[in-house]
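Engineer: Predicted model and sequence follow; I will ask about them next.
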Amino acid sequence: MTKESENNKPAAGKAEDEADIQASPSPVPAKKIELRKEIGVLQGVGIIVGCIVGSGIFVSPKGILQESKSVGLSFIMWAVTGIFSALGAVCYAELGTTIPRSGGEYIYVLQVMGALPAFLVLWITFVAIGAVSNAANSLLFAKYCLSPLFVGCPVPELLTRATAFLSVALLCSINCINVKWATKTAVIISICKVSALILVTVIGFYNLAQGKTENFEDSFSGSDYGVGMISAFYQGFWAFAGWNYLNFLTEEMKRPSRSLPLAIVISLSLITVIYVTANLAYLAVLTPDQLIASHAVAVTFAERTMGPAAFIMPLFVAIAIFGSMNGEVLSMSRAAFTGASEGHFPSALAMVSATRLTPVPSVLFMGICTVVFQQLFTNQLDYLIELTGFAFMSIVLMAIGCLLYLRFKQPQLVRPLKLPIGVPITLFVITLLICIITFVKSPKESILSVVIMLTGLPFYVFGVMWKSKPTKLQQKVDGITYFVQKFLLVLPQEKPFDEQE
């Protein structure tokens, strides 16, 4: 019926229609298309512990000991870097509660410095730090998962790649189906990691109680208080990498002004204690030289102390790595989601499943990028991760700079958490010094790190700056977006991003 014929309808007919409408039951309100707030304090702790406690403490906790040159100084540096990381995480908690949006450093840099620096932060964070490290972790997961089945011989490369692919596929499936599943996975795996490290600690402390303390005698002999101590600090800082990942999920947290700081303080305190006690346990069984020479410290430790049960340690290592991968998928998919909502990534990545309310396109995009790096750059992944070090430290420096800028330029902002100003200033100065030391120590790698970040410029020019694209090209881009919407049954999120808690 046309609008005109409807207007010409007799008054009696209109009255009947109105009566029918009033008599009919009210329609059920449609489900709001938005990411749900599924993350509380426990889930937040699980995510941070899952991201930080990966292969490092199980496989290669030797960096600090190797650089500091003594057992005593190495323990001091573990504690110092733990406290430093906790301070950095608390500064990020202030940022996350002042700007309660998902996206981590990307969104803070966007608010303060503008579009181009924010896009480059997003580019290096998602592509290099996120997808590359996840690809490396997936291959490492496959290696430790399969090693008990191939005792005394190498694991076939094809089987390793297939297992790595399946691990990524499984994690992406979990994250696509239900955010609660992903956060529960993080909590369960974190409990497994902590349990494994408690087992190591109990065995180590039992050896200490038996009087095996020779590795701790004259513990500061040969300490390097110069360049070695600085390098040890740098090694420790990387051992705690991942403390910033919860900030990528701020909008999905229940009461982020409370949950974000609490989760950060609890998890960083727990991890610092775990790292120090685990290293005590290792050195109660292994000499410093044996620890440094070992390719997988926890496995060597288990072989010396657990007898026939030693086979479970590679499985614990695999579980730890799987947890880190889950944290990467959770956080980095949100980075892509937020970037797409700002027009910096394809718009399809900012859409949510109409039935499951999960960011399916961004999760799958993260999985695809991971698999591409996993299959094409298998032997270069560790080197690529090393190259991103300087860029990551630069990103942290920019984020703390944004915090200081907002403190002085926008003091009127509501800040549920407000640290003493000396904390971010001290952190900014120390991070700047780390960047300078990194550049001086490894100038070639630092320059290459910046080059990797700048490889995002062509994509920025094409996708963001070039507004007046030819009609046919724009139609093809729109066609891809429509296809993704129909194929995955996804819609743009309805919730306004400036909505405050």
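Structural biologist: That came through fine.
Engineer: What segments of the chain are strands?
Structural biologist: In the chain, the strands defined using DSSP state E lie at 351-353, 490-492.
Engineer: So for Val80, which of these sits nearest?
Structural biologist: Proximity to Val80 (C-beta to C-beta) singles out strand 351-353 among the strands of the chain, at 42.3 Å. (C-beta placed from N, C-alpha, C; glycine too.)
Engineer: pLDDT averaged over the closest one, what's the number?
Structural biologist: Average pLDDT, strand 351-353: 93.
Engineer: got it, and stretch 141-159?
Structural biologist: Rounded mean pLDDT across stretch 141-159 is 84.
Engineer: who's in contact with that stretch?
Structural biologist: Applying C-beta atoms under 8 Å, 6 or more residues apart in numbering, the external contacts of stretch 141-159 come out as 160-164, 167, 296, 311, 314-315, 317-318, 321-322, 325.
Engineer: what's the closest of the strands of the chain to Ile191?
Structural biologist: Distance to Ile191, taken as C-beta to C-beta, is lowest for strand 351-353 among the strands of the chain, at 28.4 Å.
Engineer: Serialize the strands of the chain to TSV and add fields for mean neighbour count and distance to Val121.
Structural biologist: Listed next are those as TSV, based on neighbours: other C-beta atoms under 10 Å; distance: least, C-beta to C-beta, whole Å:
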stretch	mean neighbour count	distance to Val121
strand 351-353	23	22
strand 490-492	17	24
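Engineer: Columns distance to Pro148 on top of the ones you listed, output as TSV?
Structural biologist: Formatted as TSV, the strands of the chain follow (distance: least, C-beta to C-beta, whole Å):
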stretch	distance to Pro148
strand 351-353	37
strand 490-492	40
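Engineer: Out of those, which gets nearest to Thr388?
Structural biologist: Smallest distance to Thr388 across the strands of the chain (C-beta to C-beta): 28.3 Å, for strand 351-353.
Engineer: excluding its backbone neighbours, what's nearest Leu413?
Structural biologist: Thr98 (5.7 Å; C-beta to C-beta, 6 or more residues apart in numbering).
Engineer: do you know how far Leu489 is from Ser362?
Structural biologist: 15 Å (C-beta to C-beta, to the nearest Å).
Engineer: More neighbours: which of those two?
Structural biologist: Neighbours per residue (other C-beta atoms under 10 Å) separate Leu489 from Ser362, with Ser362 holding more: 31 against 13.
Engineer: In contact with that one, which residues?
Structural biologist: When contacts are counted by C-beta under 8 Å, 6+ apart, Ser362 touches Ser333, Arg334, Ala336, Phe337, Ala340, Leu349, Ala350.
Engineer: same thing but at 7 Å, please
Structural biologist: If a contact means C-beta atoms under 7 Å, 6 or more residues apart in numbering, then Ser362 has Ser333, Ala336, Phe337, Ala340, Leu349 as its contacts.
Engineer: now stretch 434-444, how far from the chain's geometric center?
Structural biologist: Centroid separation between stretch 434-444 and its chain, computed with C-alpha atoms, centre = their mean, to the nearest Å, is 24 Å.
Engineer: buried set for that stretch?
Structural biologist: Within stretch 434-444, the residues that count as buried by 16 or more other C-beta atoms under 10 Å are Ile434, Cys435, Ile437, Thr438, Phe439, Ser442.
Engineer: swap in stretch 112-123?
Structural biologist: Val112, Leu116, Ala118, Phe119, Leu120, Val121, Leu122, Trp123.
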